[in-house]
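# kindly return the folded structure for what I paste below:
(one chain, ligands or ions: 1)
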Amino acid sequence: MKQASAAQDPSPASPPAQPPRGDGDPQALWIFGYGSLVWRPDFAYSDSRVGFVRGYSRRFWQGDTFHRGSDKMPGRVVTLLEDHEGCTWGVAYQVRDEQVSEALKYLNVREAELGGYDTKEVTFYPQDTPDQPLKALAYVATPQNPGYLGPAPEEAIATQILACHGFSGHNLEYLLRLADFMQLCGPQAQDEHLAAIVDAVGAMLPCFCPTKQALALV
Ligand SMILES: N[C@@H](CCC(=O)N[C@@H](CS)C(=O)NCC(=O)O)C(=O)O
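Next up is the predicted model:
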């Protein structure tokens, strides 16, 4: 996975081949976010929808040595795992006209060059109109990318998240912002993997936060 030195890289990763165009408008593209893109897209867009993709489960199986970790202490961020029974909630952003090239150029650096993600076409079901699905572009970290960490017990993932931080902030912030989003989606949006990691973090936090007695000793 390339680091911030990507800017010096004369051969930036090529932008996605013909990305899917949403709802028939040749100048519009939907981009599906299911991790940090849910709370920090950081590109201009014309519309957004909360909803889900079927056939994928979200997993904290991608290592991150830039945004939420370092070379010595890689953080963990999410990717999509193909899972016939899976359903992953997130946000789809519609970019139009000149927003399309700007968004793809920005995400190519943030997601592909710095994050190790590839692009993939997915079918997105808006929460309010699931009978009118949209084609969308998603950034997915496959097991072939050098930053991929793969499966681990949720307790081990929680420990790693508690210990890591990077250019964009602490890895715990990443986890809790995603958990906040899932709360907002309502009871029909479940993510057992995310919930198990949040629970494991909650069980360990007292070990990281001094008690009143311990504070009284300093
Ligand atoms: N591609 C997923 C995950 C994106 C993600 O979390 N990417 C990392 C790159 S390793 C990122 O942009 N992090 C910025 C941050 O942590 O604020 C999404 O659609 O949200």
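# what residues sit buried inside stretch 96-106?
Arg96, Gln99, Val100, Ala103, Leu104 (16 or more other CB atoms under 10 Å). Yep, even glycine has a C-beta here, placed from its N, CA and C like the rest.
# where is the longest helix in the protein?
Under DSSP state H, the helix in the chain containing the largest number of residues is helix 192-208.
# residues touching that one, excluding its own?
Identification of contacts with helix 192-208 by CB atoms under 8 Å, 6 or more residues apart in numbering yields 57-60, 154-155, 157-159, 161-162, 172, 175-176, 178-179, 182.
# nearest to the ligand among the buried residues of stretch 96-106?
The closest of the buried residues of stretch 96-106 to the ligand turns out to be Ala103 (CB to the nearest ligand atom; 12.1 Å).
# that closest one falls within a helix, correct?
Yes. Secondary structure of Ala103 (DSSP: H, G, I helix; E, B strand; the rest coil): part of a helix.
# and Met182, which of the three is it?
helix.
# ok, it - contacts?
Shown in contact with Met182 (CB under 8 Å, 6+ apart): Trp89, Ala189, Asp191, Leu194.
# how about the residues of this structure by the ligand?
Counting by CB under 6 Å from any ligand atom, the residues of the chain lying close to the ligand are 33-38, 40, 64, 67-68, 77-78, 110-111, 115, 117, 139, 168, 174.
# if you set the cut-off to 5 Å instead, what comes out?
The chain comes close to the ligand at residues 33-37, 64, 67-68, 77, 110, 115, 139, 168, as judged by CB under 5 Å from any ligand atom.
# just for this structure, where's the confidence low?
Along the chain, the model assigns pLDDT under 70 to residues 1-26, 208-211, 213-218.
# what about the helices in the chain?
Taking DSSP H as the criterion, the chain carries its helices at 36-39, 98-107, 154-163, 171-185, 192-208, 212-216.
# which residues in this structure form strands?
Along the chain, counting by DSSP state E, strands occupy 28-33, 47-64, 75-96, 118-126, 134-140, 165-166, 169-170.
# quick check: Val109 vs Tyr117, distance?
Distance, Val109 to Tyr117, by CB to CB, to the nearest Å: 11 Å.
# comparing those two, which residue is more hemmed in?
Tyr117 (26 against 17; other CB atoms under 10 Å).
# who's in contact with the more buried one?
The contact partners of Tyr117, taken as CB under 8 Å, 6+ apart, are Gln62, Thr79, Glu111, Tyr139, Val140, Ala141, Asn145.
# thinking again about what came up before, wait, which of the buried residues of stretch 96-106 is closest to Leu149?
Minimum distance to Leu149 across the buried residues of stretch 96-106 is 26.4 Å, recorded for Leu104 (CB to CB).
# for Tyr125, give the beta-bridge partners.
Counting by DSSP bridges, Tyr125 is bridged to Phe52.
# surely it and Gly51 touch.
Yes. When contacts are counted by CB atoms under 8 Å, Tyr125 is listed as touching Gly51 (5.1 Å).
# okay, the two: which has more neighbours?
Counted by other CB under 10 Å, Tyr125 and Gly51 do not tie: Gly51 has more neighbours, with 23 against 20.
# mind checking how far the closest residue to the more buried one other than its chain neighbours is from Lys105?
Distances taken as CB to CB, 6 or more residues apart in numbering put Pro126 closest to Gly51, at 4.2 Å, once the chain neighbours are dropped. Computed with CB to CB, the distance linking Pro126 and Lys105 is 26 Å.
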